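Q: Based on what follows, work out the 3D shape:
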Amino acid sequence: MTAALAPQKPERPNRPTGSDAAQGRSPASGLADLGRNYLEQVRAGELGALPAVAGLVVLCAFFAVLRPVFLSNLNFANLLTQSAGSIAIAMGLVFVLLLGEIDLSAGYASGVCAAVLAILLTNHGWPWYAAVAAAMLTGAAIGLLIGTLVAKVGIPSFVVTLAAFLGFQGVVLMLLKEGTNVSVKDPTILAIANNNLSPVLGWVLLAGCAAGYAALQLRRSRDRRGRGLAGTPMTLMAIRTGAVVVLGGAAVYLLNQERSRNVIVGSLKGVPIVVPVIGVLLLLGTLTLQRTGFGLHIYAVGGSAEAARRAGINVAFIRTAAFVICSCLAAVGGIIAASRGNSVDPNTGGSNVLLLAVGSAVIGGTSLFGGRGRVVDAVLGGLVVAVIQNGMGLMGYSSGVKYAVTGSVLLVAAGVDAMSRRRSARR
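A: This is a model prediction of the structure:
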């Protein structure tokens, strides 16, 4: 969580290089300098994921006081599985939003891909891996079509994706023969959102995540020092890694407790399989945006498409690729939805799926104006939205109230983004 609070503004290159000891400073003074720099950036409008993290903490505390069952391990596991599909779609939307574009068709694109998966599995007897590959290729084809119309033809993304939003509803109806419910019975697909890792494997997964996170921090710090910039103090890296271990350990311990209401019928414990699936997507998306030239080009095009074009960046390719990634991750969200629902129907990908996905990305800290955001924003925002939906459901509120509150939170997040951008411009 500490890492998620880091602002997205690049660190200033005029900091001294070398370790704290080599510079004659104690670790405490190094941390104090970093703290002051962070506060300066917050005052300048670089909030990063701070509002989402603060909102998540406040909401969890609020619902825990009013409904203690909110903190039960059964509800915690349900919250994770319920939000996984929209989080996957929101991760893809981050790539599009970074360009200052929008994809209103992502929800129903996931429904089309889920329908392709279910039909090939159930009606044609395809093996699960072939059906998944076909669903992913369908998502890539959808993204390529939308991206070409936006980047090559020059039609605004709002118009293209609005047309796709309407058209894909018809495609789903045609695939499902005007409303047929297609069951999904493949055990591998069903396991994605319904089965759990063994308790031992959950701890192994946590250890691997902590070690990988520490290694990434060390590599980033070494790379910065190699470029003559200040590296991250070892004390701060230890605090961040410790936070991952403590928070992750608490989550794994809670999920490893028995959740079944009747152990005789069946045991229910362990980390849901969908959690490492989202973790892999988060890792791949983060590395793509932060460690590759393609990711840097996305930020450059989002900041100023004309400046990026003059710098030699193929803007049309970047835009098309972003829509392809968005639709592929929408396909992943559709597969998760099919697994969780054990079937696919015309409502798969519809209803509030797009609202929750866009809300997750924006509430997490991704800017609607382009050029600012991270894949982790989709996860944080998705958890905020899931907590609102889950907590209000436990309190007995209607769907209308849930929609109204979620929409209000989205509006507040967009307002905070707009104000922070104006403040950054003034500074």
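Q: Roughly how far does Ala151 sit from Val160?
A: 10 Å (CB to CB, to the nearest Å). Just so you know, the C-beta spots here come from the backbone N, C-alpha and C atoms, and that holds for glycine as well.
Q: what's the closest non-adjacent residue to Val401?
A: Excluding the flanking residues, the one nearest Val401 by CB to CB, 6 or more residues apart in numbering is Met392, at 6.5 Å.
Q: State the distance from the one you found to Gly381.
A: 17 Å.
Q: Between those two, which is the more surrounded one?
A: When Met392 and Gly381 are compared on other CB atoms under 10 Å, the one with more neighbours turns out to be Gly381, at 34 against 18.
Q: Where does the prediction get shaky in the stretch 101-250 of the chain?
A: Applying pLDDT under 70 to the stretch 101-250 of the chain flags residues 178.
Q: OK, contacts around the closest residue to Ile142 other than its chain neighbours?
A: Leaving aside its sequence neighbours, Ile142 sits nearest to Ser327 (CB to CB, 6+ apart; 4.4 Å). The neighbours of Ser327, taking CB atoms under 8 Å, 6 or more residues apart in numbering as the test, are 92, 103, 106, 109, 139-140, 142-143, 146.
Q: Tell me where the stretch 251-400 of the chain has strands.
A: Secondary structure of the stretch 251-400 of the chain (DSSP state E, counting those that start in this stretch): strands at 343-344.
Q: Okay, helices next: where are they in it?
A: Applying DSSP state H, counting those that start in this stretch to the stretch 251-400 of the chain gives helices spanning 274-291, 293-303, 305-310, 315-341, 353-364, 375-394, 399-426.
Q: and the angle from the fourth one to helix 375-394?
A: Here helix 315-341 runs at an angle of 30 degrees relative to helix 375-394 (axes from the mean of the first three to the mean of the last three CA atoms, to 10 degrees).
Q: try the longest one
A: Helix 399-426 runs at 150 degrees relative to helix 375-394, counting by the same axes, to 10 degrees.
Q: what angle do helix 399-426 and helix 353-364 make?
A: Using the same axes, to 10 degrees: helix 399-426 against helix 353-364 is 40 degrees.
Q: elements contacting helix 399-426?
A: Packing contacts for helix 399-426, counted by 3 or more CB pairs under 8 Å, 6 or more residues apart in numbering; DSSP states H and E, involve helix 50-66, helix 353-364, helix 375-394.
Q: Where does pLDDT dip in the stretch 251-400 of the chain?
A: The stretch 251-400 of the chain contains no residues with pLDDT under 70.
Q: what do you get if the cut-off is 80, keeping everything else the same?
A: Scanning the stretch 251-400 of the chain for pLDDT under 80 picks out the ranges 261-267, 350-351, 398-399.
Q: ok, back up a step: which of the helices and strands packed on helix 399-426 sits closest to Gln82?
A: helix 375-394 (5.9 Å; CB to CB).
Q: Switch the helices of the stretch 251-400 of the chain over to TSV; also include distance to Arg240.
A: Listed next are the helices of the stretch 251-400 of the chain as TSV, based on distance: least, CB to CB, whole Å:
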stretch	distance to Arg240
helix 274-291	15
helix 293-303	21
helix 305-310	32
helix 315-341	27
helix 353-364	19
helix 375-394	13
helix 399-426	24
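Q: Pick the most deeply packed of the ones you listed.
A: helix 353-364 (a mean of 27; mean count of other CB atoms under 10 Å).
Q: Tell me what angle that one forms with helix 50-66.
A: Angle, helix 353-364 to helix 50-66, by the same axes, to 10 degrees: 110 degrees.
Q: any idea how far helix 353-364 is from the chain center?
A: Centroid displacement of helix 353-364 relative to its chain, using CA atoms, centre = their mean, to the nearest Å, is 9 Å.
Q: do the same with stretch 245-260
A: 21 Å.
Q: which residues touch that stretch?
A: Applying CB under 8 Å, 6+ apart, the external contacts of stretch 245-260 come out as 1, 73-74, 76-77, 196, 199, 202-203, 205-206, 209-210, 266-272.
Q: Find the nearest non-adjacent residue to Ala214, please.
A: Thr241 (4.6 Å).
Q: Please point out which parts of the strand or helix carrying that neighbour sit buried.
A: Assessed by DSSP states H and E, Thr241 sits inside helix 234-255. Neighbour-count burial for helix 234-255, counted by 16 or more other CB atoms under 10 Å, picks out 234, 236-237, 240-241, 243-245, 248, 251-252, 254-255.
Q: As TSV, the residues you listed with distance to Val132 would be great.
A: Formatted as TSV, the buried residues of helix 234-255 follow (distance: CB to CB, whole Å):
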residue	distance to Val132
Met234	42
Leu236	40
Met237	37
Arg240	35
Thr241	34
Ala243	35
Val244	30
Val245	33
Gly248	28
Ala251	27
Val252	27
Leu254	30
Leu255	26
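Q: Which single one of these is nearest to Val171?
A: Closest to Val171 out of the buried residues of helix 234-255 is Leu255 (37.5 Å), distances taken as CB to CB.
Q: among the contacts of stretch 245-260, which ones are buried?
A: By neighbour count, with 16+ other CB under 10 Å, those hold 73-74, 76-77, 196, 199, 202-203, 205-206, 209-210, 268-272 as buried.
Q: Next step: these restricted to helices.
A: The helices, defined by DSSP state H, take in 73-74, 76-77, 199, 202-203, 205-206, 209-210 from those.
Q: which two from the residues you listed end up farthest apart in space?
A: For those, the maximum inter-member distance is 25.8 Å, found between Leu74 and Ala210 (CB to CB).
Q: related to what we said a few turns ago, keep only those of the contacts of Ser327 that are in helices.
A: 92, 106, 109, 139-140, 142-143, 146.
Q: mind giving me a markdown table with the ones in helices among the buried ones among the contacts of stretch 245-260 and columns for distance to Ala404?
A: Shown next, in a markdown table, are these (distance: CB to CB, whole Å):
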| residue | distance to Ala404 |
| --- | --- |
| Asn73 | 30 |
| Leu74 | 27 |
| Phe76 | 25 |
| Ala77 | 27 |
| Pro199 | 40 |
| Gly202 | 37 |
| Trp203 | 41 |
| Leu205 | 38 |
| Leu206 | 37 |
| Cys209 | 37 |
| Ala210 | 40 |
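Q: Okay, and Leu99 sits in which element?
A: Using DSSP H and E, no helix or strand contains Leu99.
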